[in-house]
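Engineer: Coordinates for the following, if possible.
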Amino acid sequence: MPSDNNETIKITLDDLANVPAQGELAPAAATTTGARNYGSIGTGEESPAALGEERGSIFLQGWFYLGIAGFLGALAGWAICEPAFVDGPSGGHRWGNIWLLPMVITLVCVACAISESIVERSVRKALIRSALSLPLGVVLGFVFSFFANIIFNIGISICVSGGVQTYRHPAFWIVRGFAWMIFGAAAGVVYGILGQSSRKALYGALGGVIGAGIGGVIFDPIDMALHGGGASRAVGLSLLGMAAGVGMGLVESALKDRWLYVTAGPLAGKQFILYKSSTVLGSAQQNDIYLFKDANILPQHAVVEINGARVQIRGAGPVFVGGSPVRLQVLQSGAIIQIGRYAFRYQEKHKK
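Structural biologist: Residues are numbered from 1 along each chain as shown. A predicted model of the protein is given here:
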């Protein structure tokens with residue numbers, strides 16, 4: 001209301017400076033916890049920082065780490081048995097002669113079975129798989145070695161009847177290659193069994209057969225070049241294991257139909273082939289996909305579910321697809337999924 005006195009109102013420059021400009025907004029209230037707010041779908045949650053695609057390491061390629069595992073497993077098997085191995089007919093009853101090929105098969109099985117867990121930094125999973133693969137490898141080593149010897153002897157009989165009298169003849173090399181295909185199949189079967197997938201076992205066995213077959217064919221030429229003895233067995237058997245591992249990795253990758261490719265994070269460049277109807281991702285080491293070095297990732301953070309042609313991701317924690325937060329989302333080929341510091345690209349093989 002108007003004042004009855006005649007006092008004048010004085011406005012200083014300081015008073016004007018404290019008046020907010022037109023349209024100026026007050027600062028938003030800061031959260032008291034300081035934690036990142038992911039929110040829930042449809043509530044205006046913030047988007048994650050974009051993660052650029054990182055260059056993948058060759059060490060995370062299946063054919064590479066399975067090849068190294070096969071090589072080291074076979075070399076270890078040879079090193080254990082070679083001191084007790086005797087060349088010629090007199091060594092037929094020595095334990096080194098009896099155990100050489102089964103031991104090589106066993107340790108190739110163990111090495112290939114745990115290699116993926118080692119690459120994924122899951123010590124717990126590697127220990128469990130080594131404990132399971134060792135007895136499986138021993139049993140399959142002797143069983144497959146028995147059948148390989150039968151095939152080898154039949155093949156040699158055919159070669160001899162055809163006039164082949166020496167191991168320097170290429171026909172002899174081919175016979176050994178066919179016989180040793182069985183060794184590679186053993187490694188692939190164990191690899192698939194521990195991966196809890198019959199399809200993975202089939203792909204692994206097929207790759208192992210191809211790789212071991214190649215290794216068997218080149219064994220005798222190596223023996224000729226190194227003039228026999230322990231050195232030739234070391235090189236030949238190690239290359240057999242490596243070829244089986246590389247074959248497993250290449251065939252598995254070539255025949256995959258759905259997979260997650262890690263584009264960012266500690267596992268950038270690694271691909272996870274989706275064999276199972278439910279693939280669990282999280283910070284617990286026993287998960288199908290172990291996501292380490294991120295405290296914001298839950299033990300069982302998300303699961304990728306396959307139901308026929310429908311593939312979807314279900315999140316228990318913050319999950320972003322294409323930059324948008326989701327709790328349940330059907331995945332299309334090429335979709336980018338982000339969980340914490342990890343980014344994945346979901347891909348499908350296009351059917352004709």
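
Engineer: biggest helix in the chain, by residue count?
Structural biologist: When the chain is parsed with DSSP state H, its longest helix is helix 123-161.

Engineer: Which elements pack onto it?
Structural biologist: helix 95-119, helix 170-194 (3 or more C-beta pairs under 8 Å, 6 or more residues apart in numbering; DSSP states H and E). For glycine as for every other residue, the C-beta is placed from the backbone atoms N, C-alpha and C.

Engineer: Just put those in JSON lines and tack on mean neighbour count, distance to residue 81 and mean pLDDT.
Structural biologist: Output for the helices and strands packed on helix 123-161, formatted as JSON lines (neighbours: other C-beta atoms under 10 Å; distance: least, C-beta to C-beta, whole Å; pLDDT from 0 to 100):
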{"stretch": "helix 95-119", "mean neighbour count": "24", "distance to residue 81": "4", "mean pLDDT": "93"}
{"stretch": "helix 170-194", "mean neighbour count": "24", "distance to residue 81": "15", "mean pLDDT": "92"}
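
Engineer: re earlier: direction-wise, compare the longest helix of the chain with helix 95-119 and give the angle.
Structural biologist: Angle of helix 123-161 versus helix 95-119, following axes from the mean of the first three to the mean of the last three C-alpha atoms, to 10 degrees, is 140 degrees.

Engineer: Tell me which residues of helix 123-161 come out buried.
Structural biologist: Residues 125-126, 128-130, 132-134, 136-138, 140-142, 144-145, 148, 151-152, 155-156, 159 are the ones in helix 123-161 that count as buried (16 or more other C-beta atoms under 10 Å).

Engineer: again with stretch 343-352
Structural biologist: Buried-residue list, stretch 343-352, by 16+ other C-beta under 10 Å: 343-348.

Engineer: can you list the residues that contact that stretch?
Structural biologist: For stretch 343-352, contacts defined as C-beta atoms under 8 Å, 6 or more residues apart in numbering pick out 51, 53, 256-265, 304, 311, 331-338.

Engineer: Report the buried members of the residues you listed.
Structural biologist: By 16+ other C-beta under 10 Å, these give 51, 256, 258-265, 304, 311, 331, 335-338 as buried.

Engineer: Let's see which of those residues end up in strands.
Structural biologist: Using DSSP state E, the members of those that fall in strands are 258-264, 304, 311, 336-338.

Engineer: between these, which is nearest residue 212?
Structural biologist: residue 259 (25.2 Å; C-beta to C-beta).

Engineer: Enumerate every residue touching the closest one.
Structural biologist: Residue 259 neighbours (C-beta under 8 Å, 6+ apart): 271-274, 346-347.

Engineer: try 6 Å
Structural biologist: Residue 259 makes contact with 271, 273-274, 347, according to C-beta atoms under 6 Å, 6 or more residues apart in numbering.

Engineer: Now do the end-to-end distance for stretch 152-170.
Structural biologist: Stretch 152-170 stretches 14 Å from its first residue to its last (C-alpha to C-alpha, to the nearest Å).

Engineer: re earlier: most neighbours out of the contacts of residue 259, which is it?
Structural biologist: Tallying neighbours with other C-beta atoms under 10 Å puts residue 274 at the head of the contacts of residue 259, with 23 neighbours.

Engineer: list the contacts for residue 74?
Structural biologist: 104, 108, 237-238, 240-241.

Engineer: redo that, cut-off 7 Å
Structural biologist: Listed by C-beta atoms under 7 Å, 6 or more residues apart in numbering, the contact set of residue 74 reads 104, 107-108, 237-238, 240-241.

Engineer: ok, now residue 104?
Structural biologist: Shown in contact with residue 104 (C-beta under 7 Å, 6+ apart): 74, 77-78, 237, 241.

Engineer: Show me the helices in the stretch 251-352 of the chain, by range?
Structural biologist: Read by DSSP state H, counting those that start in this stretch, the stretch 251-352 of the chain holds no helices at all.

Engineer: and the nearest residue to residue 298 once chain neighbours are set aside, how many residues sit next to it?
Structural biologist: Spatial nearest neighbour of residue 298, excluding adjacent residues (C-beta to C-beta, 6 or more residues apart in numbering): residue 317 at 4.3 Å. Applying other C-beta under 10 Å, we find 18 residues neighbouring residue 317.
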